[in-house]
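In: sequence first, predicted model second:
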Amino acid sequence: MKRPQKIWAIVPAAGIGKRMQAPRPKQYLPLLRQRVMDYALLALCQSDLVDGVIVGVRDGDRWWQAQPFTHAKLMAVSRGGAQRAHTVCNALQQLLQDDIAAPNDWVMVHDAVRPCLRALDIERLVAAARAHGDGAVLALRVVDALKQVRGDGLISKHLHSAGRHAVWRAVTPQMFRCGALHAALQQALAHGVAPPDEAAAMEKYGVTAVVVAAHPANLKITLPVDLELAEMVLPHFHDA
């Protein structure tokens, strides 16, 4: 009997968040009653569509060691790398080598610093990936005019090479086949290239994902003001 395809989730959490200029990595910053990362992990663990979650942290991460996230679906902690691509590749290798995941299974990768992930977005992402067959990416349509700005802060030109309807900002989760994503990341890293996200790695590998419109609340904690926005969003999250 053929094994049913499963869906795994990887949360890379090995970054140090230099732009936040905080006393600890931004994924461990307090956000209301929990830490930033806890919301991202909980959203995935609570989804009926996700079979298991693996988180990638730096070796000797004292913040994780002091207060590890616990949940029945959190299967393992993998070794974080110098960049996101290394962390995701390490987690995929662990999933595949330990025979937890099959190459044809799905994996969704979600930023540890995106705490406002809606269950509906997970459902729509999974449906789109399965329908498309190769993968899907949550993204936000660019609705504002784009400007190229010089180093002195002055506008150098208006960017109109592509209509705004054709420009999207990729967010997460991004969902692909486990084996294909692992191979794509390995190929890129072997050539000294660390792709900025999974979609970029897959594009170089010859696989194009379908875009799924994300809820605008799916913000990334990068600067202190982002924490303030998340604090305003989360109390009303289930009403969104």
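Out: Thanks, I have it.
In: so residue 46 touches residue 119, yeah?
Out: Yes - using Cβ atoms under 8 Å, residue 46 makes contact with residue 119 at a distance of 7.4 Å. In short, each C-beta sits where N, CA and C put it, glycine included.
In: list the contacts for residue 6?
Out: Residues near residue 6 by Cβ atoms under 8 Å, 6 or more residues apart in numbering: 51-52, 101-102, 105-106.
In: of all pairs in the residues you listed, which one spans the longest distance?
Out: 52 and 102 (12.8 Å; Cβ to Cβ).
In: gap between stretch 184-198 and the chain center?
Out: 16 Å (Cα atoms, centre = their mean, to the nearest Å).
In: list the buried residues for it?
Out: With burial defined by 16 or more other Cβ atoms under 10 Å, the residues of stretch 184-198 counted as buried are 184-186, 188-189, 194-195, 197-198.
In: save those residues as CSV, and put in distance to residue 149, secondary structure and pLDDT too.
Out: Formatted as CSV, the buried residues of stretch 184-198 follow (distance: Cβ to Cβ, whole Å; DSSP: H, G, I helix; E, B strand; the rest coil; pLDDT from 0 to 100):
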residue, distance to residue 149, secondary structure, pLDDT
184, 33, helix, 98
185, 32, helix, 98
186, 36, helix, 97
188, 29, helix, 97
189, 32, helix, 97
194, 26, coil, 96
195, 25, coil, 96
197, 23, coil, 97
198, 28, helix, 98
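In: now, among the residues you listed, which is nearest to residue 78?
Out: When the buried residues of stretch 184-198 are compared for distance to residue 78 (Cβ to Cβ), residue 185 wins out at 13.2 Å.
In: for the closest one, give its distance to residue 90.
Out: Plainly put, residue 185 is 9 Å away from residue 90 if you go by Cβ to Cβ, to the nearest Å.
In: then residue 204?
Out: Taking Cβ to Cβ, one finds residue 204 at 19 Å from residue 90.
In: more crowded one of those two?
Out: In this view residue 204 and residue 90 are compared by other Cβ atoms under 10 Å, and residue 90 has more residues nearby, 20 against 15.
In: following element in sequence after the strand or helix carrying that one, please.
Out: Per DSSP states H and E, residue 90 falls inside helix 84-97. Later in the chain than helix 84-97, the nearest helix or strand by DSSP H and E is strand 106-109.
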